[in-house]
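Asks: turn this into a structure:
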Amino acid sequence: MAKVVLENIYKTFSGGSSQKNIRSSPTASAQNSKATPTNLAKPSAHPNRPVLNDINLTVEDGEFMVLVGPSGCGKSTLLRLISGLETITGGNVWVGDRKVNTLPPKQRDIAMVFQSYALYPHLSVYDNLAFGLRRAPDQTRTQKDFVANAFANTLASLIRPLPGSLQYQSKAERAIAQRIQSIAQMLQIEDLLTRLPKQLSGGQKQRVALGRAMARSPQVFLMDEPLSNLDAKLRTETRTQIVGLQRQLATTTIYVTHDQTEAMTMGDRIAVMNQGKIQQIAAPLDLYRQPANRFVAAFIGSPPMNFLTVSVKGTQLVHPAFTVPLSVAWEQAIAPYKDHLITLGIRPEHIELGQQPGSIPVTVTQVEALGSETFVLAQLPNSDRTVTATQIQIRIPADRPVHPGSILQVNFSLTKIHLFDSTTEDSIRPL
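Replies: Predicted coordinates:
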């Protein structure tokens, strides 16, 4: 178990063609003397475009940290940098008290679970689980020990098909067998140990991949979207199992996903990423209740937050369709924005139904009945016919009858609204 510290991580990938690439071509080499600046291939517009920029993150010993963000935000690349599968352009990676920047993956004492399972198709489940244990480095072993161990493993594999009484196991192999049996019981895959990966379902393959990582007892688990290939029901079951195992083992875990539901239900803390940068690091409910900026507010929560452009008039927010009075707590926070436009955010679950002073009449345009709840897409009243009408999403009780074209009276819960700077998109919070 160990703390993981990322200091000022910076990563770029060189891209595009260059003169060097052209000279590597035989045809280009033959014509090099005739080449001119106009007939050379141009380099990429972004030859060293940063994939990760100024990443600072501390994952405490035993913590379950989730990296979440849209595809292409750099979360998987960051995981590969920690594991050693990618080289760092700048910054430092610490695992425990060791700086591991230059160490190869096998010396970092880190186990990684991939999205594609990465099981050896010709090996049984037992041998897949044992693979890393049989090759685990041991600094105390001599060259003679390595030779003897290799011979013992070869002999054991040759006679494994024989009845149990005729099989041979070295001391090391007996220890491995005990470890595998313990992991198999924990993951409930004891009856799968003799099967090949092609004989397993997706959920069973994922449990084997998890077991292979757990068997080594590493300091850190890295998981790169391990549930994305599973169906919805199995994903929920496996998600619960992973959380339970992590708490039981108390191993530092960094988990990558693009699914904010997984992030909210699994992580002790969540790091929200976008365009190679960390936008906010906080506990799940803190991200939901106090997003640092508009991106986090939009990404965390399902369905996403509604955003409306309003102007600040004294202590009121004015929109063509409504006016929202603010409490005294907001007065100092919005003072710099007087007579300016800002963004009002309100989640679908924080829009209330019912006729009361200040209610907004909205026209239902689309209904999504999910059984336990209903989501409604509704259009705000539009006084300016030359401007496209604004639509908002509302969550209503499942037993409330509603259909397209009907009128609903809605109110914004004033204690649950969010305000954002229209230029920086940073959150504006009451003082």
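Asks: could you chop the chain up by domain?
Replies: 4-15+49-280, 306-428 (automatic domain parsing).
Asks: export the ones you listed to JSON lines and tack on distance to Arg294, mean pLDDT and mean neighbour count?
Replies: Heads up, the C-betas are built off the backbone N, CA and C, glycines and all. Rendered in JSON lines, the data for the domains of the chain read as follows (distance: least, Cβ to Cβ, whole Å; pLDDT from 0 to 100; neighbours: other Cβ atoms under 10 Å):
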{"stretch": "domain 4-15+49-280", "distance to Arg294": "10", "mean pLDDT": "86", "mean neighbour count": "17"}
{"stretch": "domain 306-428", "distance to Arg294": "4", "mean pLDDT": "90", "mean neighbour count": "15"}
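Asks: so can I have CSV of the ones you listed showing distance to Leu287?
Replies: Shown next, in CSV, are those (distance: least, Cβ to Cβ, whole Å):
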stretch, distance to Leu287
domain 4-15+49-280, 6
domain 306-428, 11
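Asks: out of those domains, nearest to Ile300?
Replies: Each of the domains of the chain was checked against Ile300 via Cβ to Cβ, and the shortest separation belongs to domain 4-15+49-280, namely 5.6 Å.
Asks: report the distance from the closest one to the chain centre.
Replies: Once both centres are worked out by Cα atoms, centre = their mean, to the nearest Å, domain 4-15+49-280 turns out to sit 16 Å from its chain's centre.
Asks: span of it from start to end?
Replies: End-to-end span of domain 4-15+49-280 (Cα to Cα, to the nearest Å): 18 Å.
Asks: where do the helices sit along the stretch 1-150 of the chain?
Replies: In the stretch 1-150 of the chain, the segments counted as helices under DSSP state H, counting those that start in this stretch are 19-23, 26-30, 75-83, 125-134, 143-159.
Asks: in contact with Gly74, which residues?
Replies: Taking Cβ atoms under 8 Å, 6 or more residues apart in numbering, we find Gly74 in contact with 11, 51-52, 273, 275-276.
Asks: and it, backbone torsions?
Replies: Listed backbone geometry of Gly74 is phi 110, psi 10, with angles given as degrees, to the nearest 10.
Asks: that one and Arg49, how far apart?
Replies: In this structure, Gly74 and Arg49 are separated by 11 Å, where distance is defined by Cβ to Cβ, to the nearest Å.
Asks: hmm, back to that, so which of the contacts of Gly74 belong to strands?
Replies: With strands defined by DSSP state E, the entries of those inside them are 11, 51-52, 273.
Asks: nearest to Leu103 among the contacts of Gly74?
Replies: Closest to Leu103, out of all of the contacts of Gly74 and judged by Cβ to Cβ, is Lys11, at 17.2 Å.
Asks: ok, now which ones touch the closest residue to that closest one other than its chain neighbours?
Replies: What sits nearest to Lys11 in space, not counting adjacent residues and going by Cβ to Cβ, 6 or more residues apart in numbering, is Leu52, at 4.1 Å. By Cβ under 8 Å, 6+ apart, Leu52 lies in contact with 9-11, 74, 77-78, 81, 276-277.
Asks: which pair of those residues spans the longest distance?
Replies: When the contacts of Leu52 are compared pair by pair using Cβ to Cβ, the maximum separation belongs to Leu81 and Lys277, at 14.7 Å.
Asks: for Phe299, find the nearest of the domains of the chain.
Replies: The minimum distance between Phe299 and the domains of the chain falls on domain 4-15+49-280, with 6.1 Å, by Cβ to Cβ.
Asks: quick one on the thing from earlier: go through the domains of the chain and name the closest to Asn293.
Replies: Nearest to Asn293, of the domains of the chain and by Cβ to Cβ, is domain 306-428 at 5.0 Å.
Asks: can you give me the end-to-end distance of that closest one?
Replies: Between the opening and closing residues of domain 306-428 lies a distance of 16 Å (Cα to Cα).
Asks: going forward can the numbers begin at 43, since that is how I track them
Replies: That works, and once the first residue is 43, the last one we named lands at domain 348-470.
Asks: what ranges does the stretch 343-473 of the chain have for its strands?
Replies: Taking DSSP state E, counting those that start in this stretch as the test, the strands found in the stretch 343-473 of the chain are 348-355, 358-361, 364-367, 383-388, 393-395, 402-411, 415-421, 433-439, 449-454, 460-463, 469-470.
Asks: TSV for the ones you listed, including distance to Pro326?
Replies: Supplementary listing: the strands of the stretch 343-473 of the chain in TSV, determined by distance: least, Cβ to Cβ, whole Å:
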stretch	distance to Pro326
strand 348-355	21
strand 358-361	28
strand 364-367	28
strand 383-388	18
strand 393-395	22
strand 402-411	25
strand 415-421	20
strand 433-439	19
strand 449-454	24
strand 460-463	17
strand 469-470	17
